[in-house]
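Enquirer: output the structure for:
(chains A and B)
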Protein chains: 2
Amino acid sequence: MTQASGLRIREVGLRDGLQNIADFMPTAAKIAWINAEAAAGVREIEVCSFVPPKLIPQFSDAEAVVTHALALDALTSVALIPNLKGAERGVALGVAKMVFVLSVSESHNQANVRRSTDESVADFGRIVALRDAGPDVPRFVLSAALSTSFGCTYEGRVDEGRVVELASEMAARGADEIVLGDTVGFADPGHVRRLVRAVQGAVAPVAVACHFHDTRGLGLANAFAAYEEDVREFDASLGGLGGCPYAPKATGNVVTEDLAFMFEAMGVATGIDLDALVKVREIVAAALPNAPLYGSLSRAGLPKGFTAAG
Amino acid sequence: MTQASGLRIREVGLRDGLQNIADFMPTAAKIAWINAEAAAGVREIEVCSFVPPKLIPQFSDAEAVVTHALALDALTSVALIPNLKGAERGVALGVAKMVFVLSVSESHNQANVRRSTDESVADFGRIVALRDAGPDVPRFVLSAALSTSFGCTYEGRVDEGRVVELASEMAARGADEIVLGDTVGFADPGHVRRLVRAVQGAVAPVAVACHFHDTRGLGLANAFAAYEEDVREFDASLGGLGGCPYAPKATGNVVTEDLAFMFEAMGVATGIDLDALVKVREIVAAALPNAPLYGSLSRAGLPKGFTAAG
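Expert: Model prediction:
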């Protein structure tokens, strides 16, 4: 069904959601979450971040989680990597897709990965070399995710020309996909249409995916705007996980089940069973009782007479 | 500023929000709410419904509220009317704009105004005759709001051809504006684009406005989709008021301050001061402590460096 529409939703709750949550989610719960989402029809899950465990203890079990996820049929298991070291950990496990993250704004890149954007770009070149190293290294799909593509908590609105320039450079260096990330909820639908179009024009035939947060309620409107510009891959987080319990203003990603509902309602098949997906929230709620879960579909249910696109 | 973009947001919280709330909001609080929103730059407010007070006691002070609102400069005060009797009450007060409501689905019309859709259409003809009666009756703007234009809790998805047919009939009978209402959150952005285009094609040059609820989180995405089809008038409710405290699944209208933020972020001037608008929530919260208020902008604040469109 996903093939028919080409629409793909990538669950990032296990990475972007969990990275802001201090309570450790037991490995067994992470695995149950992955199993249940895969069973609900989600075809791509970002299952961990290969950062040093002492920086984010939540990902200290990354190897165990990845090893489990890789054994699931019909699931693309993705790992986030901040640097070459992370890519090497992924290669050692045979991860088939990795997302390299860097920020368009210098101050956010410094805060997030502790180096300059230029240093991140240079490191990306080394990761591409690893990917292309030849028969001893299994080739992996390499995404380049540009955080703060729409705005930055430190610097405010981000220059669109700079985003196009950086996306072009990452594509030229060998990215298989560019992800435009609205890390802190600065995007609006008009901004999305304009920037996506500009980046697509600069990086084609490399695909552009989108990663929206719902900080100011515009997440789904932004996703629809991107869809109108032919974006067909979207990040989202079950229950919008990622709202930090210590900072009530920092809500998380677009809610996976609401995003899937929007597309299914539009007649765009996602391959996802919405009822089954909503049930997965119970696993997360049980394992992380203090983490706020967001979302509308889980509260309102499907409309009377609703039929999925698939 | 509103003139520049042509974008107009109509506050309906005092009508659509309050009609579901059993606690009576004191007349003084309603007036303070109207004053504060008008001062924040909202140019059109639906201030009451002319229904029999014994049916909805919340509107037993409709005359007092309307009389106050009509005295405010630069504000278009609107009253909802379910029938000719309501229109006569409006005419007696000199209300300059009235919204006649009927439902596309028979069962919803029966539940809401206790008669068939055909009977509502016939009554609309009598209201048009009143509007056009001549020098003794001040001419008023007459909107026709089609509830359940996208779907109905009783009947499920509503046939698009029937909506076009009914909108055409109301325009032919003399409606100055057609409002497509997604009364219970059935619309999706694709559906909105398609239906708005079809109705515009059938009723032009009569304008089409939109009234979305946020039941399943798609309210802002639907508003953006309608904007893409050149809709320039939108209903919304401060704090999304209208979520019934006794039915947690029934969330209310699109949140006025979030809708205004979306358009201002897109560079589309609304004429509204967002900070001032968010502050109006305090009036509602103080007067209705049990009513849940929704919204993202009020929680997250404006993005760093944000500049309004106006």
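
Enquirer: so which residue is smack in the middle of chain A?
Expert: Nearest to the mean C-alpha position of chain A, counting by Cα atoms, centre = their mean, stands A:Asp235 at 4.0 Å.

Enquirer: state the helix or strand in which that one lies.
Expert: Using DSSP states H and E, the secondary-structure element containing A:Asp235 is strand A:233-236.

Enquirer: likewise A:Ala226?
Expert: With elements delineated by DSSP H and E, A:Ala226 resides in helix A:219-228, which encompasses its position.

Enquirer: how about that helix, does it reach chain B?
Expert: Yes. Counting by Cβ under 8 Å from any Cβ of the partner chain, chain B has neighbours in helix A:219-228: A:220-221, A:223-225, A:228. For glycine as for every other residue, the C-beta is placed from the backbone atoms N, C-alpha and C.

Enquirer: quick one: average confidence on that helix?
Expert: Helix A:219-228 comes out with an average pLDDT of 98.

Enquirer: which stretches of the stretch 201-310 of chain A form helices?
Expert: Assigned helices in the stretch 201-310 of chain A, in chain order: A:219-228, A:256-265, A:274-287, A:297-300 (criterion: DSSP state H, counting those that start in this stretch).

Enquirer: now do the last one, average pLDDT.
Expert: To tie it back to what came earlier, the one meant is helix A:297-300. Per-residue scores along helix A:297-300 average to 93.

Enquirer: the helices of the stretch 201-310 of chain A into TSV, with extra columns for mean neighbour count?
Expert: Compiled in TSV, these are given as follows (neighbours: other Cβ atoms under 10 Å in any protein chain shown):
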stretch	mean neighbour count
helix A:219-228	27
helix A:256-265	28
helix A:274-287	18
helix A:297-300	20
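
Enquirer: would TSV of these with distance to A:Gly242 be doable?
Expert: TSV is the format used below for the helices of the stretch 201-310 of chain A (distance: least, Cβ to Cβ, whole Å):
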stretch	distance to A:Gly242
helix A:219-228	12
helix A:256-265	11
helix A:274-287	11
helix A:297-300	16
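
Enquirer: which among the ones you listed is found nearest to B:Ala276?
Expert: Among these, helix A:219-228 comes nearest to B:Ala276, with 23.3 Å by Cβ to Cβ.

Enquirer: list the neighbours of that closest one that are in contact with it.
Expert: For helix A:219-228, contacts defined as Cβ atoms under 8 Å, 6 or more residues apart in numbering or on different chains pick out A:7, A:182, A:185, A:187-190, A:192-193, A:196, A:210, A:212-214, A:234, A:253-255, A:258-259, A:262-263, A:268, B:189, B:217-218, B:220-221, B:223-225, B:228, B:262.

Enquirer: tell me, how many residues neighbour the residue nearest to A:Glu229 when sequence neighbours are not counted?
Expert: Beyond its immediate neighbours in the sequence, the residue positioned closest to A:Glu229 (Cβ to Cβ, 6 or more residues apart in numbering or on different chains) is A:Val196, lying 4.4 Å away. Burial of A:Val196 is recorded as 25 neighbouring residues (other Cβ atoms under 10 Å in any protein chain shown).

Enquirer: over to the one 5 residues further on?
Expert: Neighbour count for A:Gly201, taken as other Cβ under 10 Å: 11.

Enquirer: how near is it to B:Ala39?
Expert: 44 Å (Cβ to Cβ, to the nearest Å).

Enquirer: what do you get for A:Glu44?
Expert: With the distance defined as Cβ to Cβ, A:Glu44 ends up 49 Å from B:Ala39.

Enquirer: and the two? Which one has more around it.
Expert: It is A:Glu44, of A:Glu44 and B:Ala39, that has more neighbours when counted by other Cβ under 10 Å, with 20 against 15.

Enquirer: can you tell me which residues contact that one?
Expert: Under the criterion of Cβ under 8 Å, 6+ apart, the contact partners of A:Glu44 comprise A:8-11, A:75-76, A:78, A:97.

Enquirer: apply 6 Å and report the result again.
Expert: The contact partners of A:Glu44, by Cβ atoms under 6 Å, 6 or more residues apart in numbering or on different chains, come to A:10, A:76.

Enquirer: list the beta-bridge partners for it.
Expert: Listed by DSSP bridges, the beta-bridge partners for A:Glu44 are A:Arg10, A:Thr76.

Enquirer: go on, the one 4 residues further on?
Expert: Per DSSP bridges, the residues bridged to A:Cys48 are A:Ala79.

Enquirer: wait, it sits on A:Val65?
Expert: Yes. Counting by Cβ atoms under 6 Å, A:Cys48 sits close enough to A:Val65 to count as a contact (5.2 Å).

Enquirer: one step back: now what about the strand holding A:Asp235, what contacts it?
Expert: Among residues not part of strand A:233-236, those counted as contacts by Cβ under 6 Å, 6+ apart are A:8-10, A:12, A:209-211, A:223, A:253-254, A:256, A:259.

Enquirer: now it: mean pLDDT?
Expert: Throughout strand A:233-236, pLDDT has a mean value of 98.

Enquirer: burial check on A:Ala71, number of neighbours?
Expert: Taking other Cβ under 10 Å as the criterion, the count of residues near A:Ala71 is 9.

Enquirer: same deal with A:Asp230?
Expert: Counted with other Cβ under 10 Å, the burial measure for A:Asp230 works out to 12 neighbours.

Enquirer: ditto for A:Asp159
Expert: Using other Cβ under 10 Å as the criterion, A:Asp159 is surrounded by 11 other residues.

Enquirer: backbone dihedrals for it, please?
Expert: phi -60, psi 130 (degrees, to the nearest 10).

Enquirer: how far away is it from chain B?
Expert: When Cβ to the nearest Cβ, to the nearest Å is the yardstick, A:Asp159 and chain B sit 12 Å from each other.

Enquirer: from B:Pro292, how far off is that residue?
Expert: Per Cβ to Cβ, A:Asp159 is found 39 Å from B:Pro292.

Enquirer: quick one on the thing from earlier: how near is the residue nearest to A:Glu229 to A:Arg173?
Expert: Between A:Val196 and A:Arg173 the distance, using Cβ to Cβ, works out to 21 Å.

Enquirer: helices or strands up against the strand or helix carrying A:Ala92?
Expert: Using DSSP H and E, A:Ala92 falls within helix A:84-93. For helix A:84-93, the packing partners by 3 or more Cβ pairs under 6 Å, 6 or more residues apart in numbering or on different chains; DSSP states H and E come out as helix A:117-131.

Enquirer: and the residue nearest to A:Glu229, what pLDDT?
Expert: Taking A:Val196 on its own, its pLDDT is 98.

Enquirer: so what does the helix or strand harbouring it touch, helix or strand wise?
Expert: When secondary structure is defined by DSSP H and E, A:Val196 falls within helix A:189-203. Contact analysis of helix A:189-203 by 3+ Cβ pairs under 6 Å, 6+ apart lists helix A:160-173, strand A:207-212, helix A:219-228 as its packing neighbours.

Enquirer: for B:Ala28, find the nearest of these.
Expert: Among these, helix A:219-228 comes nearest to B:Ala28, with 36.3 Å by Cβ to Cβ.

Enquirer: quick one, that closest one and helix A:256-265 angle?
Expert: With axes from the mean of the first three to the mean of the last three Cα atoms, to 10 degrees defining the directions, helix A:219-228 sits at 40 degrees from helix A:256-265.
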